[in-house]
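Student: show me the folded form of this:
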Amino acid sequence: MKRHSGFTLVELLVVIAIIGVLIALLLPAVQQAREAARRMQCSNNQKQLGLAFHNYHDTYQGFPLGPISVRDNGIQYALGWVPRIFPFIEQGTRLEAMKAIDPNYLTARSPYRNHDTDNPIFGAVPGITCPSSAIGELASDHSAGGNFPDAQQQGSLHYRANSGSFDVDLDTGSSDSSRYYSRSGIMYPGSKSKFRDITDGTTNTMLLGETSKSRQWTNAYMVTGWGGIKPWTFGFFDYGTSWLTIDHKTVNFPINYTGDFITSTTPYTSEHPGGAMFLMCDGSVSFLTETMPLSLLKRMATRSNGEVISED
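Tutor: Below you'll find the model as predicted:
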């Protein structure tokens, strides 16, 4: 009698088990390779932003001006540094489209909440979001609501400018502590920083830091307020005599901090294992670990305080 060749059930189960083991062994390596590629892209994003800031500085003899009062125009939820560097990141046509709506759009309108909130001009912008972030290229870290009606349409921003250290030149003029901010960094309310002002050294001073992860945050300033991760359309909030700083932050917490914080001190965070990416004023990009001393991070946040940058 002729017998048909084939696998027995036991043999089939053994093959499936071997395939499962191989997948289990290979999957972490694949995930690590993907994260390495995403981390490299995040680094490249910041390098391109660094070039843009340098070109902006060469053109206008300084970094983008920090928030100044625009209440005379009836604007509170004002645009910040992002659209000001559009011509230097190949987004000049986007800026021209904004100016076609209003020639003085950067100081006369507030797309975050009051004007043109669903206009596609204010969607995702290449190069200002981290590919590892769970938030993605659109919107903020909380859902649409009264304070942010178009949360799923406006583009996100995962890189925040450095306003300075909470321990140096802190402005506490407001009766509301959530509006406290430092003026010891590069961009802050009323700043006019130039390279020559960075006497601590451009290699030692942060220009931008990554804030692209909000998981584990439970603070009300993120969940319902103005802290956390907001779109590029929101640079600062002008109260007339004080400000909330949104696209620039004061350093007061370690990297990937998850505890309580005020609006202007939203911590630097990322989905990259163990730390976050930072752009220095000389244009270099560094991966700073979440275990680095907070005192060192604060020293890197000041432009001219005379600190020595070394491991504690």
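
Student: tell me who's in contact with the closest residue to E307 other than its chain neighbours.
Tutor: Take E307 and drop its neighbours on the chain: the residue closest to it by Cβ to Cβ, 6 or more residues apart in numbering is R299, 4.0 Å away. C-beta: built from backbone N, CA, C; applies to glycine. Contacts for R299 (Cβ atoms under 8 Å, 6 or more residues apart in numbering) come out as 165, 204, 305, 307-309.

Student: least confident secondary structure element in the protein?
Tutor: helix 220-223 (a mean of 57; mean pLDDT, DSSP states H and E).

Student: any idea of the pLDDT on Y181?
Tutor: Here the pLDDT value assigned to Y181 is 94.

Student: which residues touch it?
Tutor: Y181 neighbours (Cβ under 8 Å, 6+ apart): 163-164, 170-171, 188-189, 243, 245, 250, 264.

Student: switch those over to a markdown table; also include pLDDT and neighbour count.
Tutor: As requested, the contacts of Y181 are arranged in a markdown table below (pLDDT from 0 to 100; neighbours: other Cβ atoms under 10 Å):
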| residue | pLDDT | neighbour count |
| --- | --- | --- |
| S163 | 97 | 28 |
| G164 | 98 | 29 |
| L170 | 96 | 17 |
| D171 | 93 | 19 |
| Y188 | 94 | 26 |
| P189 | 90 | 22 |
| W243 | 88 | 26 |
| T245 | 93 | 29 |
| T250 | 97 | 31 |
| S264 | 92 | 30 |
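
Student: inside strands: which ones of those?
Tutor: Mapping these onto strands (DSSP state E) picks out 163-164, 170-171, 243, 245, 250.

Student: just send those residues back as a markdown table, with distance to T258 too.
Tutor: Output for the ones in strands among the contacts of Y181, formatted as a markdown table (distance: Cβ to Cβ, whole Å):
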| residue | distance to T258 |
| --- | --- |
| S163 | 21 |
| G164 | 22 |
| L170 | 23 |
| D171 | 26 |
| W243 | 25 |
| T245 | 20 |
| T250 | 18 |
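
Student: ok, these vs A108, which is closest?
Tutor: Closest approach between the ones in strands among the contacts of Y181 and A108, by Cβ to Cβ: W243, at 18.1 Å.

Student: identify the residues contacting the residue nearest to the closest one when sequence neighbours are not counted.
Tutor: Once flanking residues are discounted, W243 sits nearest to P189: 4.6 Å by Cβ to Cβ, 6+ apart. Listed by Cβ under 8 Å, 6+ apart, the contact set of P189 reads 66-68, 171, 181, 183, 236, 243, 245.

Student: re the thing from before, out of the ones in strands among the contacts of Y181, the closest to G227 would be?
Tutor: G227 has its nearest neighbour among the ones in strands among the contacts of Y181 in T245, at 10.0 Å by Cβ to Cβ.

Student: can you show me the strands along the stretch 1-150 of the chain?
Tutor: 77-78 (DSSP state E, counting those that start in this stretch).

Student: from I89, how far out is the residue nearest to the spatial centre of the chain?
Tutor: Nearest to the mean C-alpha position of the chain, by Cα atoms, centre = their mean, lies Y159 at 2.1 Å. Distance from Y159 to I89, counting by Cβ to Cβ, to the nearest Å: 12 Å.

Student: and S212, by the same measure?
Tutor: Applying Cβ to Cβ, the value for S212 to I89 is 18 Å.

Student: more neighbours: which of those two?
Tutor: S212 (27 against 21; other Cβ atoms under 10 Å).

Student: which parts of the stretch 151-300 of the chain are strands?
Tutor: Counting by DSSP E, counting those that start in this stretch, the strands of the stretch 151-300 of the chain are 159-165, 170-171, 181-182, 206-210, 236-238, 243-245, 248-251, 275-280, 285-289.

Student: N45: which of those strands is closest?
Tutor: Nearest to N45, of the strands of the stretch 151-300 of the chain and by Cβ to Cβ, is strand 159-165 at 7.4 Å.

Student: report the angle between the axes of that closest one and strand 206-210?
Tutor: Put simply, strand 159-165 runs at 130 degrees to strand 206-210, going by axes from the mean of the first three to the mean of the last three Cα atoms, to 10 degrees.

Student: ok, residues contacting strand 159-165?
Tutor: By Cβ under 8 Å, 6+ apart, strand 159-165 touches 45-46, 49, 80-81, 128, 181-188, 205-211, 245, 247-252, 264, 266, 268, 279, 298-299, 301-303, 305.

Student: same check on stretch 289-298?
Tutor: 165-168, 251-256, 274-276, 288, 309-312.

Student: and that stretch, how far from the chain's centre?
Tutor: Taking Cα atoms, centre = their mean, to the nearest Å, one finds the center of stretch 289-298 at 18 Å from the center of the full chain.
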